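# Just need the structure, nothing else, for what follows:
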Amino acid sequence: MKCCLFFRQQALACLVLLLPVGAWAELPDPLDSTAATTALDYQSPLKTYQGFREQPLQNWREANDLVGRIGGWRTYAMEPWEQPSESAPAPSAMPMGDNPHDHH
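Residues are numbered from 1 along each chain as shown. Got it, this is the predicted structure:
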C-alpha cells in the first residue's frame, strides 16, 4: 500500500511540473500577420571566403631542385603514417622497380 501511494505522489509531482510547459510552448498563429516572431540572425558561410589570388612566378629550376631535395614525388605520395627510414636510400636514388609505392 505504501509503495502504491509513493508512486502516485511521484506521478502527481511530475504532472504538476509538466503543466506549465504547455503555456510556455505556445506558438504564434501562422495565419496572423501581426503576430510577434523572433528575429533571425543569419550569417552567410561565404562571409569569410577568400577568392583565388595569383601567386608570383618562381624559377622552375629552383622549384624542381627543391622538390628533388625533399625527395621527389615519392615523398608526396607517401601516406601520412609512413615514416621514411633512416637506413633506406633516398627515394630519388632508388631504381624504379624497387620502390614499394610503385603500383602498376
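# any weak-confidence spans in the protein?
1-7, 14-25, 84-104 (pLDDT under 70).
# where do the helices sit along it?
2-24, 60-70, 73-77 (DSSP state H).
# what's the second one packed up against?
Where contact means 3 or more Cβ pairs under 8 Å, 6 or more residues apart in numbering; DSSP states H and E, helix 60-70 is not packed against any helix or strand. Any C-beta I mention is one placed from the backbone N, CA and C, and that applies to glycine too.
# list the buried ones in it?
Buried residues in helix 60-70, counting neighbours by 16 or more other Cβ atoms under 10 Å, are absent.
# Going forward, count from 22.
Okay, using 22 as the starting number, the last item reads as helix 81-91.
# then it to PDB, C-alphas only?
Taking C-alpha atoms only, helix 81-91 is exported to PDB below (Å, rounded to 0.1, in the frame of the first residue of the first chain):
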ATOM      1  CA  TRP A  81      61.100  26.500 -62.300                       C
ATOM      2  CA  ARG A  82      64.600  25.100 -62.000                       C
ATOM      3  CA  GLU A  83      64.800  26.200 -58.300                       C
ATOM      4  CA  ALA A  84      61.400  24.700 -57.700                       C
ATOM      5  CA  ASN A  85      62.400  21.400 -59.300                       C
ATOM      6  CA  ASP A  86      65.600  21.300 -57.300                       C
ATOM      7  CA  LEU A  87      63.700  21.900 -54.100                       C
ATOM      8  CA  VAL A  88      61.300  19.000 -54.900                       C
ATOM      9  CA  GLY A  89      64.400  16.800 -55.500                       C
ATOM     10  CA  ARG A  90      65.900  17.700 -52.200                       C
ATOM     11  CA  ILE A  91      62.600  17.000 -50.400                       C
END
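# Now do the end-to-end distance for stretch 61-77.
43 Å (Cα to Cα, to the nearest Å).
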